[in-house]
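Novice: Give me coordinates for this.
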Amino acid sequence: PRSTQGVSSEASDVYKRQPQNGPIMIEGAEPGDAIAVHIESMAPRGPNPRGTCCMIPDFGALSGTAFTALLNQPLPETVRKIDVDEEGVYWSKRVTLPYRPHIGTLSCSPELDSINSLTPDQHGGNMDLPDMGPGSITYLPVRTPGGRLFIGDAHACQGDGEVCGTAVEYPSLTTIRVDLIKGWKLEWPRLELSLIH
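Specialist: Numbers count the residues shown, from 1 in each chain. Have a look, this model is predicted:
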């Protein structure tokens, strides 16, 4: 197993955990502009789509660290494969969770440096907002010519956070539309929700 930042796992290569698509260049985008990313649809991809949820030792809010001590020992590594379709997320024979897809990571490139895809900040990044799904609009500040949009980390469902460190991660076919808003300088991303989501 490889490790980074205190995270080690037999089941997950931390260097490949957060794949992204991009950069998508936005014609005419310049620093001081903003882009509006409309998530139009998300569908499970592949003939037998499955999601993955796991607990990774020393990763996520259920694990204690030197900064957030817990009374229990780290939970054991557990990986669960879950059937997914547009009707539900089939956790077990008795439990079906609602299919509520959303994008976990959406960002433009920061101004001066690269940032790993696990880090949220002013550029967007790994925000893991369950409301950032079909029907929503995410506004991102443009800090580099072309904006350099990145998208990834699709979730079939998630609560109000990735408490164990992951959601139900799954392969998706996601359709987005991007609008350029000239001269609208944002300091932080903004999210506009649809009433149908």
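Novice: Quick one: the strands in this structure, in order.
Specialist: Listed in chain order, the strands of the chain (DSSP state E) span 3-4, 7-8, 20-24, 34-44, 50-55, 78-85, 88-90, 96-97, 102-108, 124-126, 137-141, 149-155, 172-181, 190-192.
Novice: And the fourth one, what does it pack against?
Specialist: Yep, that's strand 34-44 we're talking about. Using 3 or more C-beta pairs under 8 Å, 6 or more residues apart in numbering; DSSP states H and E as the contact test, the elements touching strand 34-44 are strand 102-108, strand 137-141, strand 149-155, strand 172-181. Bear in mind the C-beta positions are built from the backbone N, C-alpha and C, glycine included.
Novice: Let me know the angle separating the third one from strand 102-108.
Specialist: What that stands for is strand 149-155. In this structure, strand 149-155 runs at an angle of 160 degrees to strand 102-108, with axes from the mean of the first three to the mean of the last three C-alpha atoms, to 10 degrees as the basis.
Novice: what comes into contact with strand 149-155?
Specialist: The set of residues external to strand 149-155 that reach it, using C-beta atoms under 8 Å, 6 or more residues apart in numbering, is 18-26, 35, 37, 42, 101-109, 117, 126, 128, 130, 140, 167-172, 174, 176, 178.
Novice: which of the residues you listed count as buried?
Specialist: Buried by 16 or more other C-beta atoms under 10 Å: 18, 20, 22, 24, 26, 35, 37, 42, 101-109, 117, 126, 128, 130, 140, 167-170, 172, 174, 176, 178, out of the contacts of strand 149-155.
Novice: if we can go back for a sec, which one of the strands of the chain has the most crowded surroundings?
Specialist: strand 102-108 (a mean of 26; mean count of other C-beta atoms under 10 Å).
Novice: what about residue 103, distance to residue 19?
Specialist: Summarising the geometry, the distance separating residue 103 from residue 19, computed by C-beta to C-beta, to the nearest Å, is 13 Å.
Novice: no no, residue 112
Specialist: 24 Å.
Novice: Likewise for residue 146?
Specialist: Distance of residue 146 to residue 19, given as C-beta to C-beta: 21 Å.
Novice: so who does the residue most central in space within the chain touch?
Specialist: Central residue check for the chain by C-alpha atoms, centre = their mean: the C-alpha nearest the mean position is that of residue 104, 1.4 Å away. With contact taken as C-beta under 8 Å, 6+ apart, residue 104 is in contact with 126-128, 132, 152-155, 158, 162, 167, 169.
Novice: From those residues, pick the one nearest residue 82.
Specialist: Proximity to residue 82 was ranked across the contacts of residue 104 by C-beta to C-beta; first place goes to residue 169, at 9.6 Å.
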